[in-house]
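Colleague: model the structure of this input:
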Amino acid sequence: MHTEELFEVLSQIQSKAQVQHLAAQANSGKLPVADLLRLCYTQHKPAVAFRAAWVLEEVAHTYPEQFVPHLPDFVSQLSAQHNLSCQRHFTKILMCCANPKARPIYSTAWSAIPEHEAVVETMFEWLIDPRTPVAVKVNCLDVLAYLQDEFPWIKDELKAQIEFLLKDGSPAMLSRGKRLLKRFFPHNR
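Modeller: I've put the predicted structure just below:
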């Protein structure tokens with residue numbers, strides 16, 4: 001599928017079944033994952049970018065062998081993602097890759113990426129941005145929690161951010177924040 005054709009298809013997607021079908025096409029090689037990633041940064045059509053990110057997440061979760069070769073590009077471009085709807089899908093992909101209990105294919109690919117500091121910086125930027133939706137913020141918390149062994153300084157900053165976000169938090173923030181505090185800071189509560 002050419003980029004122009006993919007753009008048109010993404011302009012029309014309305015269901016999860018359609019997203020799954022496109023992900024299957026990526027698995028069969030009929031839809032280039034690089035094109036999906038590129039379309040996630042379509043600024044003049046935010047809905048197309050959102051749908052591209054949705055399909056990309058489906059590819060990452062269902063067909064990791066198709067996504068992994070693109071993980072370095074995904075990570076290197078992360079800070080340029082300003083579409084809040086795309087950020088939700090991107091953080092879900094990062095949760096899958098950075099998790100210490102990730103599937104071996106992701107553990108290997110993640111550890112091969114030389115620079116995770118940019119991911120940490122981006123997660124904190126998205127976390128403190130008042131425009132960031134709660135769904136993205138709670139995912140950022142998880143990604144940062146996964147990276148605290150690699151970057152020990154994250155622990156204190158993450159705890160402070162969680163406590164701040166719990167003050168006026170939504171039910172989703174309260175649930176995830178309390179869970180993370182209990183898991184990572186059991187003696188400091």
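Colleague: tell me the secondary structure at the residue lying closest to residue 176 once chain neighbours are set aside.
Modeller: Spatial nearest neighbour of residue 176, chain neighbours left out: residue 138 (4.1 Å); criterion: Cβ to Cβ, 6 or more residues apart in numbering. No exception for glycine: its C-beta is placed from N, CA and C like everyone else's. The three-state assignment at residue 138 reads helix, by DSSP: H, G, I helix; E, B strand; the rest coil.
Colleague: how many neighbours does residue 138 have?
Modeller: By other Cβ atoms under 10 Å, 24 other residues sit near residue 138.
Colleague: also residue 145?
Modeller: 23.
Colleague: cool, and the one 5 residues further on?
Modeller: Other residues lying near residue 150 total 14 when counted by other Cβ under 10 Å.
Colleague: same question for residue 171.
Modeller: Residue 171, neighbours per other Cβ under 10 Å, totals 8.
Colleague: now do residue 73
Modeller: For residue 73, using other Cβ under 10 Å, the count is 13.
Colleague: secondary structure element for it?
Modeller: helix 71-77 (DSSP states H and E).
Colleague: quick one: low-confidence parts of the protein?
Modeller: 187-189 (pLDDT under 70).
Colleague: tell me the centre residue of it?
Modeller: By Cα atoms, centre = their mean, the mean C-alpha position of the chain lies nearest to residue 91, the distance being 1.9 Å.
Colleague: tell me which helix or strand comes right after the helix holding residue 73.
Modeller: helix 84-98.
Colleague: in the chain, where's the longest helix?
Modeller: helix 46-62 (DSSP state H).
Colleague: run the chain-centre distance for the helix holding residue 73.
Modeller: Averaging C-alpha positions (Cα atoms, centre = their mean, to the nearest Å) puts helix 71-77 11 Å from its chain's average.
Colleague: which residues touch that helix?
Modeller: Residues from elsewhere that reach helix 71-77 (Cβ atoms under 8 Å, 6 or more residues apart in numbering): 34, 37, 41, 67, 90, 93, 97, 109-110, 112-113, 115-116, 118-119.
Colleague: need phi/psi at residue 43.
Modeller: Residue 43 adopts backbone torsions of phi -80, psi -30, taken as degrees, to the nearest 10.
Colleague: quick check: it touching residue 81?
Modeller: No. At 10.6 Å, residue 43 does not count as touching residue 81 under the criterion of Cβ atoms under 8 Å.
Colleague: okay, the two: which has more neighbours?
Modeller: residue 81 (19 against 9).
Colleague: so what's the residue count around the spatially closest residue to residue 115 that is not a sequence neighbour?
Modeller: Nearest residue to residue 115, sequence neighbours excluded (Cβ to Cβ, 6+ apart): residue 75, at 7.7 Å. Close neighbours of residue 75, defined as other Cβ under 10 Å, add up to 23.
Colleague: also residue 14?
Modeller: 8.
Colleague: got the contact list for it?
Modeller: Contacts of residue 14 (Cβ under 8 Å, 6+ apart): none.
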